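Q: After the sequence you'll find the predicted model.
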Amino acid sequence: MIETTFTLSRPYDLRRSLRFVLPKSTQLVRLDDQECSFAHETSTGAATVVVRRDQDQLLVTAMGPGAEAAVQALPGTLGLDDDPSDFVAGDGFMGGLHRRHRGLRLGHTGRVFDAVLPVVIGQRVTTDEANASYRRLVAATAEPAPGDLGLFLPPRPERLATMSYEDLHPFGLERGRAQIIIELARRARRLEEIVGMNRHDAIRRLSAVKGIGPWTTAQVMATAWGDRDAVPTGDFHLPNIVAWALAHEPRADDERMLELLEPYRPLRRRAYVLIKLSGIHAPRYGARTPKSTISG
């Protein structure tokens, strides 16, 4: 077991910061305003990490054979290298959001397969359906994490690489997504290498996998690689939400969304995350639409 402390020199919002970098499954992560527990594999083995907020400090406990490696990677995951003052928000709507969420840090895990698996599961289905599929997959294939917190490790690519579509279908995965997951699992070692690449080469290698489109690529680049300018295109709702928030326009396409976010380059990820935190939704017209219509 390893115990260490990080001293905070600026406001820090533990729950909101880690909400955008860790899996949303309670089997893998427990998260509230004051404490977060999560587990994952490292180069030296499995680790469980507990982070507790105590005034201007983050108290960290890590256990398992990968504890030391997990602690070394933790500043990036926590977003402690992210400086919100770099973001020029202006005095209007975005400026108000930026001040309200001044404790938001956008971190990155450095773990590509852990990031891409739930994102692929979220393609072409509703959020609720994706979460249910991921929970069932974790319950059936994941291993218990170190310690007695009742957490599990994310599914190992080595195990998923040996599975077939028929094995994955009971988790609510049709043939298309199942085949993408199997292919990603088989290429996991090569994909993990992108965290050491430049942005252009990392995107090219990730998007070379059949079934990995711009939406999935942006999500994974943000979470695993730490791309602070990543914007997911191909989402059914996000362009409408951004357009309503920034221009009071009820409907928009990806081109219009990117146009509205352009002033915030190269930190557009923070811009759209702040808009999501605002809770704003574009007006709905006519029949209710699916929560998600994403091609890849």
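A: Thanks, I have the structure now.
Q: Now do the contacts for Leu261.
A: By C-beta atoms under 8 Å, 6 or more residues apart in numbering, the contact list for Leu261 reads Val231, Val242, Leu246, Arg268, Ala271, Tyr272. No exception for glycine: its C-beta is placed from N, CA and C like everyone else's.
Q: which phi and psi does it have?
A: As for Leu261, its main-chain torsions (degrees, to the nearest 10) stand at phi -90, psi -10.
Q: pLDDT score assigned to it?
A: Looking at Leu261, its pLDDT is 98.
Q: Tyr285 too?
A: pLDDT at Tyr285 comes out at 71.
Q: Identify the residues contacting it.
A: Pro250.
Q: Glu35: neighbouring residues, count only.
A: 15 (other C-beta atoms under 10 Å).
Q: Can you verify my assumption that it contacts Val50?
A: Yes: using C-beta atoms under 8 Å, Glu35 is in contact with Val50, at 7.0 Å.
Q: so Phe38, which of the three states?
A: Secondary structure assignment for Phe38 (DSSP: H, G, I helix; E, B strand; the rest coil): strand.
Q: With Glu166 instead?
A: When classified by three-state DSSP, Glu166 comes out as helix.
Q: which parts of the biggest helix by length in the chain are buried?
A: Using DSSP state H, we find that the single longest helix of the chain is helix 127-141. Residues of helix 127-141 classed as buried by neighbour count (16 or more other C-beta atoms under 10 Å): Glu129, Ala130, Asn131, Ser133, Tyr134, Arg135, Leu137, Val138, Thr141.
Q: Repeat that for stretch 224-237.
A: Ala224, Trp225, Gly226, Asp227, Arg228, Asp229, Ala230, Val231, Pro232, Thr233, Gly234, Asp235.
Q: same thing with stretch 109-121?
A: 109-121.
Q: What helices and strands are in contact with the longest strand along the chain?
A: The longest strand of the chain (DSSP state E) is strand 45-54. Contacts defined by 3 or more C-beta pairs under 8 Å, 6 or more residues apart in numbering; DSSP states H and E place strand 45-54 against strand 35-42, strand 57-63, helix 67-78.
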